[in-house]
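Colleague: Okay, structure incoming, though there's no sequence with it:
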Ligand SMILES: Nc1ccn([C@@H]2O[C@H](COP(=O)(O)O)[C@@H](O)[C@H]2O)c(=O)n1
Ligand SMILES: C[C@@]1(CO)OP(=O)(O)OP(=O)(O)OC[C@H]1O
(Lines give C-alpha, C1' and ligand atoms only; values in the text may rest on other atoms or scores of the structure.)
(Ligands and ions follow the chains in the order given, each with its own letter.)
Protein backbone atom coordinates (compact mmCIF):
# COMPACT_ATOMS: atom_id res chain seq x y z
CA UNK A 1 0.00 0.00 0.00
CA UNK A 2 1.18 3.51 -0.83
CA UNK A 3 0.60 6.72 1.15
CA UNK A 4 1.32 10.26 -0.02
CA UNK A 5 1.96 13.34 2.15
CA UNK A 6 2.76 17.00 1.59
CA UNK A 7 4.35 19.68 3.78
CA UNK A 8 4.56 23.46 3.65
CA UNK A 9 6.41 25.82 6.01
CA UNK A 10 7.57 29.44 6.26
CA UNK A 11 10.16 31.08 8.52
CA UNK A 12 11.05 34.78 8.69
CA UNK A 13 14.61 36.05 8.34
CA UNK A 14 16.18 37.42 11.52
CA UNK A 15 19.50 38.89 12.64
CA UNK A 16 21.95 36.89 14.73
CA UNK A 17 20.61 33.48 13.75
CA UNK A 18 22.37 30.81 11.71
CA UNK A 19 20.80 29.90 8.35
CA UNK A 20 20.26 26.13 8.44
CA UNK A 21 18.38 24.57 5.54
CA UNK A 22 18.19 20.87 4.81
CA UNK A 23 20.52 20.22 7.74
CA UNK A 24 23.25 22.35 6.13
CA UNK A 25 24.53 25.65 7.53
CA UNK A 26 24.59 28.24 4.74
CA UNK A 27 26.78 31.36 5.00
CA UNK A 28 24.46 34.41 4.84
CA UNK A 29 23.98 37.67 6.73
CA UNK A 30 20.60 36.55 8.12
CA UNK A 31 19.24 33.36 9.63
CA UNK A 32 15.69 32.11 10.16
CA UNK A 33 13.56 32.80 13.21
CA UNK A 34 11.93 29.89 15.02
CA UNK A 35 11.57 28.07 18.29
CA UNK A 36 13.83 25.33 16.91
CA UNK A 37 16.78 25.92 14.57
CA UNK A 38 14.06 26.93 12.04
CA UNK A 39 15.19 24.51 9.33
CA UNK A 40 12.30 25.25 7.03
CA UNK A 41 13.16 22.43 4.59
CA UNK A 42 13.47 19.67 7.18
CA UNK A 43 10.20 20.88 8.74
CA UNK A 44 8.37 20.42 5.43
CA UNK A 45 9.80 16.93 4.99
CA UNK A 46 8.75 16.03 8.56
CA UNK A 47 5.25 17.43 7.97
CA UNK A 48 4.93 15.54 4.69
CA UNK A 49 5.91 12.27 6.42
CA UNK A 50 3.48 12.90 9.29
CA UNK A 51 0.77 13.74 6.79
CA UNK A 52 1.39 10.52 4.87
CA UNK A 53 0.88 8.38 7.98
CA UNK A 54 -2.00 10.48 9.35
CA UNK A 55 -0.05 11.70 12.38
CA UNK A 56 -0.80 15.42 12.29
CA UNK A 57 2.13 17.84 12.10
CA UNK A 58 5.41 18.75 13.80
CA UNK A 59 3.68 21.31 16.02
CA UNK A 60 1.66 18.44 17.52
CA UNK A 61 4.74 16.28 18.15
CA UNK A 62 7.19 19.05 19.13
CA UNK A 63 5.14 21.97 20.56
CA UNK A 64 6.76 25.40 20.24
CA UNK A 65 5.72 26.04 23.86
CA UNK A 66 8.01 23.23 25.07
CA UNK A 67 11.46 24.48 26.18
CA UNK A 68 12.85 21.07 25.22
CA UNK A 69 12.63 22.16 21.56
CA UNK A 70 14.23 25.60 21.99
CA UNK A 71 16.89 25.83 19.27
CA UNK A 72 16.32 22.11 18.62
CA UNK A 73 18.28 20.43 15.83
CA UNK A 74 15.58 19.78 13.22
CA UNK A 75 17.59 16.80 11.95
CA UNK A 76 16.84 15.13 15.28
CA UNK A 77 13.14 16.05 14.97
CA UNK A 78 13.04 14.59 11.44
CA UNK A 79 14.82 11.40 12.59
CA UNK A 80 12.17 11.01 15.31
CA UNK A 81 9.38 11.52 12.78
CA UNK A 82 10.94 8.91 10.51
CA UNK A 83 11.04 6.47 13.44
CA UNK A 84 7.24 6.90 13.70
CA UNK A 85 6.94 6.16 9.97
CA UNK A 86 9.04 2.99 10.39
CA UNK A 87 7.08 1.87 13.46
CA UNK A 88 3.94 2.09 11.34
CA UNK A 89 5.60 -0.25 8.83
CA UNK A 90 6.38 2.18 6.01
CA UNK A 91 9.50 2.94 3.99
CA UNK A 92 10.19 6.00 1.87
CA UNK A 93 9.77 5.64 -1.90
CA UNK A 94 10.83 9.22 -2.73
CA UNK A 95 10.63 12.82 -1.59
CA UNK A 96 10.52 15.94 -3.73
CA UNK A 97 11.17 19.31 -2.08
CA UNK A 98 11.16 22.95 -3.18
CA UNK A 99 12.83 25.81 -1.31
CA UNK A 100 11.25 29.17 -2.16
CA UNK A 101 13.82 31.91 -1.55
CA UNK A 102 14.92 35.04 -3.37
CA UNK A 103 18.28 34.74 -1.61
CA UNK A 104 20.70 33.30 -0.84
CA UNK A 105 21.58 31.14 -3.83
CA UNK A 106 20.88 27.54 -2.82
CA UNK A 107 22.51 25.82 -5.81
CA UNK A 108 25.89 25.14 -4.12
CA UNK A 109 24.12 23.51 -1.14
CA UNK A 110 21.51 21.39 -2.93
CA UNK A 111 23.62 18.21 -3.12
CA UNK A 112 24.73 18.36 0.54
CA UNK A 113 21.07 18.90 1.55
CA UNK A 114 19.99 15.96 -0.60
CA UNK A 115 22.65 13.72 0.92
CA UNK A 116 21.76 14.76 4.47
CA UNK A 117 18.02 14.19 3.97
CA UNK A 118 18.77 10.79 2.38
CA UNK A 119 20.89 9.90 5.40
CA UNK A 120 18.13 10.93 7.82
CA UNK A 121 15.49 8.98 5.87
CA UNK A 122 17.74 5.93 5.44
CA UNK A 123 17.54 5.94 1.66
CA UNK A 124 19.72 6.59 -1.38
CA UNK A 125 20.21 10.22 -2.49
CA UNK A 126 18.54 9.28 -5.80
CA UNK A 127 15.26 9.01 -3.88
CA UNK A 128 15.49 12.60 -2.65
CA UNK A 129 15.11 15.67 -4.85
CA UNK A 130 15.72 19.21 -3.63
CA UNK A 131 14.95 22.21 -5.83
CA UNK A 132 15.05 25.96 -5.29
CA UNK A 133 13.15 28.79 -6.89
CA UNK A 134 12.86 32.52 -6.43
CA UNK A 135 9.47 34.21 -6.70
CA UNK A 136 10.88 36.75 -9.15
CA UNK A 137 11.05 39.38 -6.36
CA UNK A 138 7.29 39.04 -5.72
CA UNK A 139 5.67 38.52 -2.32
CA UNK A 140 7.33 38.05 1.09
CA UNK A 141 9.92 35.66 -0.24
CA UNK A 142 10.64 38.00 -3.14
CA UNK A 143 11.16 40.87 -0.67
CA UNK A 144 13.62 38.63 1.21
CA UNK A 145 11.48 38.70 4.37
CA UNK A 146 11.66 34.95 4.77
CA UNK A 147 11.91 31.54 3.15
CA UNK A 148 9.15 29.07 2.33
CA UNK A 149 9.45 25.38 1.51
CA UNK A 150 7.26 22.60 0.19
CA UNK A 151 7.73 18.83 0.13
CA UNK A 152 5.86 15.80 -1.16
CA UNK A 153 6.68 12.27 -0.03
CA UNK A 154 5.53 8.82 -1.13
CA UNK A 155 5.66 5.94 1.35
CA UNK A 156 5.22 2.21 0.76
CA UNK A 157 4.16 -0.40 3.31
CA UNK A 158 7.05 -2.79 3.93
CA UNK A 159 6.51 -6.37 2.77
N1 LIG B 1 17.36 30.81 -3.80
C2 LIG B 1 17.53 30.21 -5.00
C3 LIG B 1 16.61 30.33 -6.04
C4 LIG B 1 16.85 29.73 -7.22
N5 LIG B 1 17.99 29.01 -7.40
C6 LIG B 1 18.30 28.39 -8.71
O7 LIG B 1 18.13 29.33 -9.74
C8 LIG B 1 17.25 28.82 -10.75
C9 LIG B 1 16.41 29.90 -11.32
O10 LIG B 1 15.51 30.42 -10.35
P11 LIG B 1 14.11 31.02 -10.83
O12 LIG B 1 13.40 31.49 -9.63
O13 LIG B 1 14.46 32.13 -11.75
O14 LIG B 1 13.38 29.92 -11.52
C15 LIG B 1 16.45 27.74 -10.05
O16 LIG B 1 16.00 26.77 -10.94
C17 LIG B 1 17.45 27.19 -9.06
O18 LIG B 1 18.25 26.23 -9.70
C19 LIG B 1 18.89 28.90 -6.38
O20 LIG B 1 19.95 28.25 -6.50
N21 LIG B 1 18.65 29.49 -5.18
C1 LIG C 1 9.60 22.93 14.96
C2 LIG C 1 8.99 23.68 16.10
C3 LIG C 1 9.56 23.04 17.40
O4 LIG C 1 9.01 23.54 18.54
O5 LIG C 1 9.33 25.06 16.18
P6 LIG C 1 9.63 26.16 15.05
O7 LIG C 1 11.11 26.22 14.81
O8 LIG C 1 9.03 27.45 15.49
O9 LIG C 1 9.01 25.67 13.69
P10 LIG C 1 7.54 25.62 13.11
O11 LIG C 1 7.68 25.31 11.67
O12 LIG C 1 6.79 26.86 13.45
O13 LIG C 1 6.96 24.29 13.78
C14 LIG C 1 6.58 24.14 15.07
C15 LIG C 1 7.46 23.60 16.13
O16 LIG C 1 7.04 22.33 16.33
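Modeller: Looks like it came in fine. Predicted model only: the values in this text are computed from it and were never measured. Ligands and ions are numbered 1, 2, ... in the order given.
Colleague: all strands for this structure, in order.
Modeller: 2-14, 20-21, 24-25, 31-32, 90-100, 128-133, 146-157 (DSSP state E).
Colleague: and stretch 148-157 with ligand 1, contact?
Modeller: No. Contact of stretch 148-157 with ligand 1 (C-beta under 6 Å from any ligand atom) is absent, the minimum separation being 11.0 Å. Every C-beta, even on glycine, is put in place using the N, C-alpha and C of the backbone.
Colleague: That stretch - what's its average pLDDT?
Modeller: Across stretch 148-157, the average pLDDT comes to 98.
Colleague: Closest approach to ligand 2 from this protein, which residue is it?
Modeller: residue 34 (2.8 Å; C-beta to the nearest ligand atom).
Colleague: wait, doesn't that residue sit right on residue 13?
Modeller: No. Taking contacts as C-beta atoms under 8 Å, residue 34 lies outside contact range of residue 13: 11.1 Å.
Colleague: number of nearby residues for the residue of the chain closest to ligand 2?
Modeller: Number of residues near residue 34 (other C-beta atoms under 10 Å) recorded here: 22.
Colleague: distance of it from ligand 1?
Modeller: Distance of residue 34 to ligand 1, given as C-beta to the nearest ligand atom, to the nearest Å: 19 Å.
Colleague: In contact with the residue sitting nearest the centre point of the chain, which residues?
Modeller: For the chain, residue 42 is the residue whose C-alpha lies nearest the centre (C-alpha atoms, centre = their mean; 1.9 Å). By C-beta atoms under 8 Å, 6 or more residues apart in numbering, the residues touching residue 42 are 22, 23, 74, 75, 77, 78, 117, 120.
Colleague: try it again with 7 Å
Modeller: 22, 23, 74, 75, 78 (C-beta atoms under 7 Å, 6 or more residues apart in numbering).
Colleague: Ok, residue 37 next?
Modeller: Counting by C-beta under 7 Å, 6+ apart, residue 37 has contacts 20, 71, 72, 73, 74.
Colleague: Please narrow those to those residing in helices.
Modeller: Within the contacts of residue 37, residues falling in helices by DSSP state H are residue 74.
Colleague: who wins for neighbours among the contacts of residue 37?
Modeller: Highest neighbour count within those: residue 74, with 27 neighbours (other C-beta under 10 Å).
Colleague: residues touching the residue lying closest to it once chain neighbours are set aside, list them.
Modeller: Among residues not flanking residue 74 along the chain, residue 39 sits closest, at 3.6 Å (C-beta to C-beta, 6 or more residues apart in numbering). The contact partners of residue 39, taken as C-beta under 7 Å, 6+ apart, are 20, 21, 23, 74.
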